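**Q** fold the following for me, if possible:
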Amino acid sequence: MDFLKSLAGIYYLGIGCGVWNKDEVIEWCDRVIEAMDHPPVELLEVSMMSKSKLDDIERKLFELSAIEDEEHMAKVVLSIIHKKAELAQLPAERAIRITSRLLVHTGLSWESEYYGLYSFDDSYDLAVNGVIEKLPAEVEKDFIGELGAFQKYFKEFHELYDNVLKQE
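**A** Numbering: from 1, shown residues only. Have a look, this model is predicted:
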């Protein structure tokens, strides 16, 4: 159950900033429900929330989650953003916006370790508007490079995911 609570915390942060949409989260819940003999009520509720607001799904995931170290969970979510951007499942421009939302939502946007990542949102806008000499593609490349520092956390997400789906 601890694996599930941790994974629910990651999905809570991820849906809140836009890493996953409602359908993707519901699909994840459905897979977990199928894998568990006695799934938590919150998962069953999320599974049936296709017509609900995103905030309602986010609230249910929060109820299920156990976020003891929000910064660590944010690092895991950053690794997911990196992986999705690297695999072109998430356009770099959108990944920049999602990262900014995550850092603001978790209060990490002003922390020195994350300030560079957070500032890419402004840098990208300035590049698009021709205010700075960098091209948007250069800003995107720099962003993906800096986000790469978090790729080591993706293995943890993958292990949590596998552990939850193997539960009985």
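**Q** every contact and neighbour count from this point should use C-alpha atoms.
**A** Noted.
**Q** any weak-confidence spans in this protein?
**A** Counting by pLDDT under 70, the ranges of the chain that qualify are 1, 167-168.
**Q** got the domain ranges for it?
**A** What automatic domain parsing lists as the domains of the chain is 2-68+155-165, 71-154.
**Q** would you convert these into CSV that also reports mean neighbour count?
**A** Shown next, in CSV, are the domains of the chain (neighbours: other CA atoms under 10 Å):
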stretch, mean neighbour count
domain 2-68+155-165, 18
domain 71-154, 18
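**Q** please tell me how far the closest residue to I15 other than its chain neighbours sits from E58.
**A** Using CA to CA, 6 or more residues apart in numbering and skipping the chain neighbours, the partner closest in space to I15 is N21 (6.1 Å). Computed as CA to CA, to the nearest Å, the N21 to E58 distance reads 11 Å.
**Q** what sits in contact with each of the two?
**A** Common contact partners of N21 and E58 (CA atoms under 8 Å, 6 or more residues apart in numbering): I15.
**Q** for the residue of the chain most remote from its centre, give me its contacts.
**A** Here the chain reaches farthest from its C-alpha mean at E133, the gap being 30.6 Å by CA atoms, centre = their mean. Counting by CA under 8 Å, 6+ apart, E133 touches A127.
**Q** can you list phi and psi of it for me?
**A** E133 adopts backbone torsions of phi -70, psi -20, taken as degrees, to the nearest 10.
**Q** for V139, see how far away it is.
**A** For E133 relative to V139 (CA to CA), the value is 10 Å.
**Q** what's the overlap in contacts for those two?
**A** A127.
**Q** could I get the full set of helices for the protein?
**A** 2-17, 22-35, 41-47, 54-64, 70-86, 92-105, 112-128, 136-147, 154-165 (DSSP state H).
**Q** measure the residue positioned nearest the centre of the chain to F157 for me?
**A** Nearest residue to the geometric centre of the chain (CA atoms, centre = their mean): G14, 3.0 Å. For G14, the distance to F157 (CA to CA) stands at 12 Å.
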